[in-house]
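*Asks:* what's the 3D shape of this:
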Amino acid sequence: MDKILRINMGADGGPKTTTGSLGNYAGLGGRAMTSAIVAKEVPPLCHPLSAENKLVIAPGLLSGSLAAMSGRISVGCKSPLTGGIKEANSGGQAAQVLGRLGYAAIVLEGAPKSETIYKVFINKDGVKIAADNSLKMLGNYDLVEKMKKEYGDKIACISIGPAGEMKMSAASVAFTDMELRPTRHAGRGGVGAVMGAKGVKVIVLDDTGMPNRSPKNPEKFKEANKNFVQGLKKHPVTGEGLPAYGTNVLTNVINEAGGFPTNNFKTGRFAGASKISGETQAATEQARGGVVTHGCHKGCVIKCSGIYNDKDGNFLTKQPEYETIWAHGANCGIDDLDAIAMMDRMDDDYGIDTIEMGATIAVAMDAGLAKFGDAKAAINLVKEVGKGTHLGRILGNGAAVTGKVFGVERVPVVKGQSMPAYDPRAVQGMGVTYATSTMGADHTAGYAVTANILGVGGKVDALKPEGQIDLSRNLQIATAAIDSTGMCLFIAFAILDQPDTFQALLDLLSGFTGANLTGDDVVALGKSVLKNEREFNFEAGFSSKHDRLPDYFKNEPLPPHNVTFAVKDEDLDKVFNW
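*Replies:* Residues are numbered from 1 along each chain as shown. From the prediction side, this is the model:
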């Protein structure tokens with residue numbers, strides 16, 4: 001990956017492409033690449049939907065190689081949801097394909113001078129951009145089917161649904177999976193709205209005729225890859241729990257721990273958890289001829305995804321992930337797997353973040369628009385978003401906007417972004433991450449569930465403030481580095497517990513790049529990414545006062561443990577004191 005593709009959507013005479021060398025961005029990938037470009041090239045005070053913002057799509061350092069687990073991709077911009085810097089991460093096939101095509105990043109710049117929307121086609125021969133208004137307001141599923149008919153089935157697609165075209169602040173960017181379905185999403189922060197503002201409906205990638213990227217030291221790379229895979233397979237989380245039940249293996253675990261946010265974060269346990277658990281979901285998939293163990297991209301060995309069929313045995317959606325099961329399930333008081341799967345399908349089709357959508361519906365329920373537990377009403381609210389009605393546009397702009405419009409005080413957001421599926425009172429390390437992450441409330445930014453709940457990488461009492469600052473800090477640094485490699489974040493379970501697996505990862509990176517990397521180098525990379533992001537946010541108007549949870553988490557005890565978030569503000573301000 002030795003080049004950056006820039007597409008100026010506002011050029012005179014229509015969109016223009018330029019392909020240049022990496023320059024100052026050499027050696028970067030994934031989140032390190034997206035955050036570096038956004039921090040250097042986007043004015044921090046610009047409007048997120050303006051021509052000055054840029055959308056950066058970057059595969060990881062290892063993407064396009066034979067390295068296991070290296071198929072993640074980063075999407076970066078100034079976020080319409082938070083007003084700060086954003087990196088949203090996704091699986092799917094695009095990272096590997098883009099890597100093999102040689103692109104370290106695609107940068108969408110400027111803004112079109114008309115309402116025309118465009119499709120972009122990239123293969124070994126170059127880049128073609130064409131206006132195609134027949135694609136307007138298509139859902140992601142119909143859009144991809146249309147691209148298959150036009151370009152064949154050896155492609156990968158990056159696209160937006162109607163939510164992105166309508167520039168909703170919760171809009172996602174979709175990536176196709178191995179079955180060429182738009183089921184993987186860079187969901188958080190409204191990145192789909194920025195792609196919509198650039199007038200790009202879909203980017204089609206075809207790497208036919210392109211070889212895998214070659215490591216600098218093939219023998220070291222091959223041996224390290226083998227040891228790395230063995231390490232992932234022998235860890236109980238990556239080798240047993242996730243392959244057996246997917247990410248939804250966590251529902252019973254987090255519910256038992258009392259940290260499963262229910263009815264808009266009013267309690268930490270959901271009576272209907274067993275009906276929507278990973279175990280129940282896997283049994284349902286098997287009974288209907290679905291798939292329980294499945295990778296979202298080639299080279300995945302954890303295989304935490306799956307395929308969920310409807311009652312008639314027909315494909316409905318990918319296996320709904322834990323966050324989606326929680327967001328559309330417990331948080332809305334819904335214990336119907338089929339209803340949750342239907343909303344997951346609709347979210348993917350409309351192109352909207354399932355976490356933000358579920359949190360928003362729960363806030364709307366608190367406002368009286370529907371009753372907790374009413375699955376039919378929840379589905380109808382998602383439909384409003386897809387249709388772009390006045391109500392739908394409110395909901396499609398997220399929980400914070402919905403709370404303001406309907407006068408709801410208890411809105412679980414930080415920096416405008418809704419909290420995921422762990423109540424910060426019962427999992428206090430997650431509360432630190434939610435409060436201080438550069439991304440707004442984001443579980444993936446520093447997944448403290450590891451030591452708080454699972455006992456991975458040590459043990460820190462989830463209900464007490466002690467040790468949470470160091471835990472979150474170290475995880476945020478490590479995550480920023482992992483997000484830059486193209487590696488799936490789930491490798492963290494094994495590398496935190498197994499020093500030999502961490503060494504295998506270092507050897508894998510070293511064998512590929514030709515460098516001799518150490519753990520200190522990984523830490524330095526993570527810190528450099530966070531430094532770029534924090535400096536951008538500071539220039540955009542953020543301060544330590546924004547690194548806080550809503551007051552009710554400090555004042556309102558959470559059943560069943562009846563605890564409040566107890567980490568002090570002055571300690572939150574120490575997270576980035578390294």
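*Asks:* domains in this protein, as residue ranges please.
*Replies:* Residue ranges for each domain of the chain read 3-205, 216-245+424-578, 260-422, as given by automatic domain parsing.
*Asks:* Out of these, flag the one nearest residue 254.
*Replies:* Closest of the domains of the chain to residue 254 is domain 260-422, at 4.7 Å (criterion: CB to CB). All C-beta atoms are positioned from the backbone trio N, CA, C, and that covers glycine.
*Asks:* and the end-to-end length of that closest one?
*Replies:* Its start and end residues considered, domain 260-422 measures 6 Å (CA to CA, to the nearest Å).
*Asks:* Helix or strand: which one has residue 185?
*Replies:* Using DSSP states H and E, the element containing residue 185 is strand 184-186.
*Asks:* Just list the residues touching residue 139, thanks.
*Replies:* Contacts were defined as CB atoms under 8 Å, 6 or more residues apart in numbering; by that measure residue 139 touches 161, 162, 349, 350, 351, 386.
*Asks:* mind checking how far it is from residue 3?
*Replies:* When CB to CB, to the nearest Å is the yardstick, residue 139 and residue 3 sit 32 Å from each other.
*Asks:* can you point me to the longest helix in the chain?
*Replies:* Taking DSSP state H as the assignment, the helix of the chain that covers the most residues is helix 519-539.
*Asks:* contacts for the least confident helix or strand in the chain by mean pLDDT?
*Replies:* Taking mean pLDDT, DSSP states H and E as the measure, the helices and strands of the chain show their lowest mean at strand 291-294, namely a mean of 87. Taking CB under 8 Å, 6+ apart as the criterion, the residues outside strand 291-294 that touch it are 243-246, 282, 285-286, 303, 305-307, 318-319.
*Asks:* let's see it at 10 Å
*Replies:* Here strand 291-294 makes contact (CB atoms under 10 Å, 6 or more residues apart in numbering) with 177-179, 242-246, 278, 281-286, 300, 302-309, 315, 318-319.
*Asks:* Show me the helices in the stretch 351-500 of the chain, by range?
*Replies:* In order along the chain, the stretch 351-500 of the chain carries the following helices (DSSP state H, counting those that start in this stretch): 354-366, 375-387, 390-395, 398-406, 428-436, 449, 468-485, 491-497, 499-513.
*Asks:* Report the buried residues of stretch 363-377.
*Replies:* By neighbour count on 16 or more other CB atoms under 10 Å, the buried set for stretch 363-377 is 363, 364, 365, 366, 369, 370, 372, 374, 375, 377.
*Asks:* And these, which is closest to residue 559?
*Replies:* Using CB to CB, residue 372 is the member of the buried residues of stretch 363-377 that lies nearest residue 559, at 15.4 Å.
*Asks:* who touches the closest one in this structure?
*Replies:* For residue 372, the contacting residues are 262-264, 266, 330-334, 361-362, 365-366, 378, by CB under 10 Å, 6+ apart.
*Asks:* so can I have a markdown table of those residues showing distance to residue 149?
*Replies:* Written out in a markdown table, the entries for the contacts of residue 372 read as follows (distance: CB to CB, whole Å):
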| residue | distance to residue 149 |
| --- | --- |
| 262 | 44 |
| 263 | 44 |
| 264 | 43 |
| 266 | 48 |
| 330 | 40 |
| 331 | 38 |
| 332 | 37 |
| 333 | 42 |
| 334 | 36 |
| 361 | 35 |
| 362 | 39 |
| 365 | 41 |
| 366 | 44 |
| 378 | 34 |
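*Asks:* which pair in those residues spans the largest distance?
*Replies:* Checking the contacts of residue 372 with CB to CB, the most distant pair is 266 and 378, at 16.7 Å.
*Asks:* so which helix or strand takes in the closest residue to residue 204 other than its chain neighbours?
*Replies:* Leaving aside its chain neighbours, residue 204 sits nearest to residue 121 (4.8 Å; criterion: CB to CB, 6 or more residues apart in numbering). Using DSSP H and E, residue 121 falls within strand 118-123.
*Asks:* middle-most residue in the protein, spatially?
*Replies:* Central residue of the chain (CA atoms, centre = their mean): residue 89, 4.0 Å from the mean position.
*Asks:* still on that earlier bit, ok, the residue nearest to residue 204 - how many residues close by?
*Replies:* Around residue 121 there are 19 other residues, counting by other CB atoms under 10 Å.
*Asks:* For the contacts of residue 372, give me a markdown table that also has pLDDT and distance to residue 424.
*Replies:* Formatted as a markdown table, the entries for the contacts of residue 372 read as follows, by pLDDT from 0 to 100; distance: CB to CB, whole Å:
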| residue | pLDDT | distance to residue 424 |
| --- | --- | --- |
| 262 | 98 | 14 |
| 263 | 98 | 16 |
| 264 | 98 | 14 |
| 266 | 98 | 14 |
| 330 | 98 | 16 |
| 331 | 98 | 14 |
| 332 | 98 | 19 |
| 333 | 98 | 20 |
| 334 | 98 | 22 |
| 361 | 98 | 20 |
| 362 | 98 | 16 |
| 365 | 98 | 21 |
| 366 | 98 | 18 |
| 378 | 98 | 24 |
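*Asks:* List just the nearest of those residues to residue 133.
*Replies:* residue 361 (31.8 Å).
*Asks:* Next, count neighbours for that closest one.
*Replies:* 29.
*Asks:* contacting residues around it?
*Replies:* Residues near residue 361 by CB under 10 Å, 6+ apart: 264, 327-328, 331-332, 334, 343, 369-370, 372, 377-379, 381-382, 385, 395, 399, 402.
*Asks:* cool, residue 210 as well?
*Replies:* Listed by CB under 10 Å, 6+ apart, the contact set of residue 210 reads 64, 97, 99, 100, 101, 102, 123, 124.
*Asks:* so which of those residues would you say is closest to residue 489?
*Replies:* In terms of CB to CB, no member of the contacts of residue 210 lies closer to residue 489 than residue 99, at 18.3 Å.
*Asks:* Restrict the helix or strand that closest one falls within to CA atoms and write it as PDB.
*Replies:* Using DSSP H and E, residue 99 sits in helix 94-100. Taking C-alpha atoms only, helix 94-100 is exported to PDB below (Å, rounded to 0.1, in the frame of the first residue of the first chain):
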ATOM      1  CA  ALA A  94     -13.100  -4.200   1.800                       C
ATOM      2  CA  ALA A  95      -9.900  -3.800   3.800                       C
ATOM      3  CA  GLN A  96      -8.200  -6.800   2.300                       C
ATOM      4  CA  VAL A  97      -9.300  -5.900  -1.300                       C
ATOM      5  CA  LEU A  98      -8.200  -2.200  -0.800                       C
ATOM      6  CA  GLY A  99      -4.900  -3.400   0.500                       C
ATOM      7  CA  ARG A 100      -4.300  -5.700  -2.400                       C
END
